[in-house]
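Enquirer: The following block contains a protein sequence and its predicted model.
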Amino acid sequence: MEFDEKLIKLGLTIPQAPAKGGAYEPAKAFGENLYYLSGCGPNLNRDGAVVYAGVLGREYDVEAGRQAARCCALNLLAVFLRDVGDFSKIKSIVKMIAFVACTDDFYDQPKVADGASLLLAELFGSEAGRPARSAVGTNALPNNFPVEIELLIEVFP
């Protein structure tokens, strides 16, 4: 099944890529056939206001965190599309780091990160789409995001 057909089947669209939030590159080539995608939070609404704001364990439960992580993954794919090229270039989602803003007694960061991991596997297949990953808890993220995710992607030569 083609990538666009998978998106339609899942009821998803690739959003407009988020604007840079500072002095960095959203996508940076390095090594042979690798791209590092800088961290993205979940979607902003059309006015640029944050849709998800707060921390897991207080404002959000695990399921809401998983949905926010899915939004992060879609934003990262939008960055890839804008800055690197179409999705047929993707050979493998190599590594994912998920940062989860949470209370001190929240321990389900991996379950939150699953929202993005499972979506990527569904879109690119379990072999190419399932990355190695880390899920890290933190006290705060930019824009009061509950989740921020970064990716390392291998492209075809």
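Expert: Yes, it's here. Numbers count the residues shown, from 1 in each chain.
Enquirer: For G85, which non-adjacent residue is closest in space?
Expert: Distances taken as CB to CB, 6 or more residues apart in numbering put V155 closest to G85, at 7.9 Å, once the chain neighbours are dropped. Quick note: C-beta positions are derived from backbone N, CA and C, even for glycine.
Enquirer: so what's that neighbour bridging to?
Expert: Note on V155: beta-bridge partners by DSSP bridges are I90.
Enquirer: pretty sure it is touching N33, no?
Expert: Yes. Using CB atoms under 8 Å, V155 is in contact with N33, at 5.1 Å.
Enquirer: Those two - which one has more neighbours?
Expert: V155 (17 against 14; other CB atoms under 10 Å).
Enquirer: Mind telling me what element S38 is part of?
Expert: If you go by DSSP states H and E, S38 is part of strand 34-40.
Enquirer: Restricting to C-alpha, output that strand in PDB.
Expert: C-alpha atoms of strand 34-40 as PDB (Å, rounded to 0.1, in the frame of the first residue of the first chain):
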ATOM      1  CA  LEU A  34      21.300   9.900   7.400                       C
ATOM      2  CA  TYR A  35      19.200  12.900   8.500                       C
ATOM      3  CA  TYR A  36      18.700  14.100  12.100                       C
ATOM      4  CA  LEU A  37      15.400  15.800  12.600                       C
ATOM      5  CA  SER A  38      15.300  18.300  15.500                       C
ATOM      6  CA  GLY A  39      12.700  17.900  18.200                       C
ATOM      7  CA  CYS A  40       9.100  18.700  17.400                       C
END
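Enquirer: The residue nearest to Y24 when sequence neighbours are not counted: neighbour count?
Expert: Nearest residue to Y24, sequence neighbours excluded (CB to CB, 6+ apart): S38, at 5.6 Å. Neighbour count for S38, taken as other CB under 10 Å: 17.
Enquirer: show me what contacts S38?
Expert: Counting by CB atoms under 8 Å, 6 or more residues apart in numbering, S38 touches Y24, E25, P26, A27, K28, V79, E150.
Enquirer: what is the mean pLDDT for whichever helix in the chain runs longest?
Expert: Using DSSP state H, we find that the single longest helix of the chain is helix 62-83. Summarised as a single mean, pLDDT over helix 62-83 is 96.
Enquirer: what's the angle between that helix and strand 34-40?
Expert: 130 degrees (axes from the mean of the first three to the mean of the last three CA atoms, to 10 degrees).
Enquirer: distance between helix 62-83 and the chain's centre?
Expert: 4 Å (CA atoms, centre = their mean, to the nearest Å).
Enquirer: All set now, cheers.
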